[in-house]
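S.K.: Quick one: sequence and predicted model below, then my questions.
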Protein chains: 2
Amino acid sequence: MQTQTTPTAPQPQASGRSLEHPRREAIRLEDVLHALSDPMRMRVVRTLAEETCELSCSVFDLPVSKSTTTHHFRVLRECGVIHQIYRGTAKMNALRRADLDALFPGLLDSVLAAAALQEGRLGGDGS
Amino acid sequence: MQTQTTPTAPQPQASGRSLEHPRREAIRLEDVLHALSDPMRMRVVRTLAEETCELSCSVFDLPVSKSTTTHHFRVLRECGVIHQIYRGTAKMNALRRADLDALFPGLLDSVLAAAALQEGRLGGDGS
DNA sequence: CAAGTAGTACGGCGATCGTCAAACTACACT
DNA sequence: AGTGTAGTTTGACGATCGCCGTACTACTTG
């Protein structure tokens, strides 16, 4: 399911401004746990984990305002959980799986599994 | 290693006031992650995980005031991470391993392993 | 160029957080 | 009874959090 338009020209690549990402070694466990302790951000991370490709911010459609959405994505990026790049007008998001797995082996998987299990227990709506 | 005084009377058991603990099913992943995202509380949990027996609050000697210590233990109890009972003048703490492992398999272990790994990376002092 | 789309920056708001000191309660031991 | 030890409660503080709306920038497409 690729989104290419022209076979010859590559699609809009990393354009314009640059985003700051922490280096792998600078990622801190406390920050990651804190980032994941917010339901909105957990939702983003779970969605990102299900997909293999990058997702733009807009596909998430969180039940909060646009500025709050921006805020949550920024928290996730600044603590090293996701990687973001600009692609045309969109900003693409991807989980930093390799970095997280290298730093904290098994952590992401057990958190994701725990979230899925809890969602099952609570009937899926989380309330 | 019992602390009995009289052969007839059992040692200081769960005395006086009662402490509220969430039922196993009421433990929420967000709350656990939030609780663990604080360095002070992580330290407590890691120490508790190393010991097999209960530990009193006072053996931790956290670099914060007594009231702050009380606060952190309360957060840990109320979110279901630890179990506390009064035993004489002391308050004994234990990790709710069985509950956490049942609810979130592998989570606690990977968090503890991640904390240990990170401590190694950062040289042990965590700063 | 104009219009539209995707996301940002900048306050500001109320709630929560981590922290403390001071006064207090509960229990043990002399 | 009196002293000491362990932990609690309250109220306060500054910092951070999650959230919003408004105004803005960057890119795409007509």
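M.R.: That came through fine.
S.K.: near DNA strand D, which residues of chain A show up?
M.R.: Residues of chain A found near DNA strand D (Cβ under 7 Å from any atom of the strand) are A:12, A:15-17, A:34, A:37-38, A:40, A:64-68, A:71-72, A:75, A:86, A:88-89. Every C-beta, even on glycine, is put in place using the N, C-alpha and C of the backbone.
S.K.: out of the residues you listed, which are inside helices?
M.R.: Residues of those located in helices (DSSP state H): A:34, A:40, A:66-68, A:71-72, A:75.
S.K.: which one among those gets closest to A:Cys53?
M.R.: A:His72 (20.3 Å; Cβ to Cβ).
S.K.: which regions of chain A sit below the pLDDT cut-off?
M.R.: A:1-16, A:124-127 (pLDDT under 70).
S.K.: In it, mark out all the strands, start to finish.
M.R.: Assignment of strands within chain A using DSSP state E yields the ranges A:55-56, A:82-87, A:90-95.
S.K.: Which one, of those strands, ends up nearest to B:Arg24?
M.R.: Set against B:Arg24 and scored by Cβ to Cβ, the strands of chain A come closest in strand A:90-95, at 29.8 Å.
S.K.: Quick one: list the elements packing against the closest one.
M.R.: helix A:39-50, strand A:55-56, helix A:66-78, strand A:82-87 (3 or more Cβ pairs under 8 Å, 6 or more residues apart in numbering or on different chains; DSSP states H and E).
S.K.: Let's have those in a markdown table, adding distance to B:Leu122.
M.R.: Listed next are these as a markdown table, based on distance: least, Cβ to Cβ, whole Å:
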| stretch | distance to B:Leu122 |
| --- | --- |
| helix A:39-50 | 24 |
| strand A:55-56 | 32 |
| helix A:66-78 | 19 |
| strand A:82-87 | 23 |
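S.K.: Tabulate those (CSV), appending distance to DNA strand C and mean neighbour count.
M.R.: Shown next, in CSV, are those (distance: least, Cβ to the nearest atom of the strand, whole Å; neighbours: other Cβ atoms under 10 Å in any protein chain shown):
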stretch, distance to DNA strand C, mean neighbour count
helix A:39-50, 12, 18
strand A:55-56, 4, 16
helix A:66-78, 3, 16
strand A:82-87, 7, 19
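S.K.: Can you say which of the ones you listed is nearest to chain B?
M.R.: Ranking those by distance to chain B, with Cβ to the nearest Cβ as the measure, places helix A:39-50 first at 5.9 Å.
S.K.: tell me which strands and helices the closest one is in contact with?
M.R.: Other elements packing on helix A:39-50 under the criterion 3+ Cβ pairs under 8 Å, 6+ apart are helix A:29-36, helix A:66-78, strand A:82-87, strand A:90-95, helix A:107-121, helix B:29-36.
S.K.: 10 Å instead, please
M.R.: helix A:29-36, strand A:55-56, helix A:66-78, strand A:82-87, strand A:90-95, helix A:107-121, helix B:29-36 (3 or more Cβ pairs under 10 Å, 6 or more residues apart in numbering or on different chains; DSSP states H and E).
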